[in-house]
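# Return a 3D structure for these sequence lines:
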Amino acid sequence: MSAGLPQASVKSQIFESLLGFLPDWVQITVLALIVLAVVASWAVKIKRKIAHRRAVRNGQPVHAAARFGQGSRADYLGQYAPQQTQPAPQQGSGADHLGAYAPQQAQPAQQPSGADFLGSYAPQQRQADGPSANASA
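Got it, this is the predicted structure:
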């Protein structure tokens with residue numbers, strides 16, 4: 001029958017049994033060192049986060065390992081790493097960067113009209129010598 005208390009995990013039972021054989025002053029020292037290690041890791045994590053935010057705010061480049069908390073294989077390429085180029089800041093919309101997929105800008109004078117496709121049904125064009133050529137006698 002349980003007394004309503006949660007049962008300890010196997011890891012905590014092993015930890016307590018190892019510390020149980022040690023004198024009290026060693027137990028307190030070990031526990032204090034564990035707490036100190038946890039607090040130190042939190043402090044380092046917070047310090048890195050603050051440094052990252054300051055670098056982003058000041059516009060400084062941020063190393064990938066500092067950004068994600070650990071490095072990747074690409075961080076160690078050295079001279080073989082691809083060169084990172086900063087594109088010039090551009091003002092515009094997404095349609096300005098379509099390249100070959102952008103719609104062609106047609107000239108108003110070159111746009112064909114419906115009359116251009118009449119073919120043999122188009123009215124015959126007369127050659128006029130002057131403004132009076134339209135008037136017939």
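
# Output the longest helix belonging to this structure.
helix 24-58 (DSSP state H).

# What residues of that helix count as buried?
Neighbour counts over helix 24-58 (16 or more other Cβ atoms under 10 Å) mark His52 as buried. Every residue, glycine included, has its C-beta placed from N, CA and C.

# elements contacting that helix?
Helices and strands touching helix 24-58, by 3 or more Cβ pairs under 8 Å, 6 or more residues apart in numbering; DSSP states H and E, are helix 10-20, helix 64-68.

# and the angle for that helix with helix 10-20?
130 degrees (axes from the mean of the first three to the mean of the last three Cα atoms, to 10 degrees).

# hang on, the earlier thing: among the helices and strands packed on helix 24-58, show the one with the smallest mean pLDDT.
Per-stretch mean pLDDT for the helices and strands packed on helix 24-58 is lowest at helix 64-68 (a mean of 51).

# now this protein, which segments are flagged as low pLDDT?
The chain contains residues with pLDDT under 70 at 1-6, 62-76, 86-94, 106-112, 127-137.

# give me that answer again for 80
Of all residues in the chain, those with pLDDT under 80 make up the ranges 1-8, 19, 59-120, 122-137.
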